[in-house]
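>>> pasting the structure only:
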């Protein structure tokens, strides 16, 4: 009898301590039966309330947007599953702030992610076979980290005034842009025949990226620098740009500081040591 009593106490103690346990960077283990979050078990889905939402399996959306986010302060965990869509709609879309999407795959959409708020985080996501991968617009303050963008025909990642780091962007056929944005663009790998590997739209620290420039001639290139305002230089450091296309292309009024990059300038004001 005493043994059963102590076993019961032990089970109760374990259950009381179960919760959301952080297993690794940006991955979370959710206790079964813990009542955490709201399930998404079919598409389309509209989110109108802040909170945590998680996908329960591979889901297909034959028409319309997959998940529409109408509330700020939302986290969506794909839990490793795939959201498959149609070529005319968006996988996850909205115009709200502080939305995080993580841990899964989106394929077959027009835009896999199309969020136009601010302070959004896209973490450990795979966007494959869409027209547009991750589009976070011009409002800034976003983080795109650890994502894999593959075989998207238009643009891999677009995020202005944001941190875009440690992503892999691959084009299997001709695509327009690998990464478009400014802010911090670091540790990314962009390969395949993109017209523009990294297109910098404003002042930025572009550090430690590897870019293949596979399209020759014209205004194409590995890293393209737009004109930026005086006193806000773009920093190029520890990048490697290779392939048959132009490597660095500077805007006519771009101010560039190039450090320990593999540097092969092309065009006016491409850069200075």
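Yep, it's here. Predicted model, so just to flag it, every value in this text is computed and none were measured.

>>> if we look at the strand or helix carrying residue 105, which residues are touching it?
Taking DSSP states H and E as the definition, residue 105 sits inside strand 99-107. The contact list for strand 99-107 (C-beta atoms under 8 Å, 6 or more residues apart in numbering) reads 26-27, 55, 66, 69, 72-85, 91-92, 112-113, 115, 117, 120-130. C-beta here means a position set from N, CA and C on the backbone, and glycine is covered the same way.

>>> Can you point out the buried residues in that strand?
Within strand 99-107, the residues that count as buried by 16 or more other C-beta atoms under 10 Å are 99-107.

>>> Any idea which helix or strand in the chain has the lowest mean pLDDT?
Least confident helix or strand of the chain, by mean pLDDT, DSSP states H and E, is strand 20-24 with a mean of 45.

>>> related to what we said a few turns ago, ok, of the contacts of strand 99-107, which come out buried?
Among the contacts of strand 99-107, those classed as buried by 16+ other C-beta under 10 Å are 55, 66, 69, 72, 74-78, 81-85, 91-92, 112-113, 115, 117, 120-130.

>>> Next one: the residue nearest to residue 174 when sequence neighbours are not counted relative to residue 60, how far apart?
In this structure, residue 174 finds its nearest non-sequential neighbour in residue 193, 4.9 Å apart by C-beta to C-beta, 6 or more residues apart in numbering. Distance of residue 193 to residue 60, given as C-beta to C-beta, to the nearest Å: 30 Å.

>>> cool, and residue 212?
Going from residue 212 to residue 60 by C-beta to C-beta gives 33 Å.

>>> Those two: who's more crowded?
Taking neighbours as other C-beta atoms under 10 Å, residue 212 and residue 60 compare with residue 212 leading, 22 against 13.
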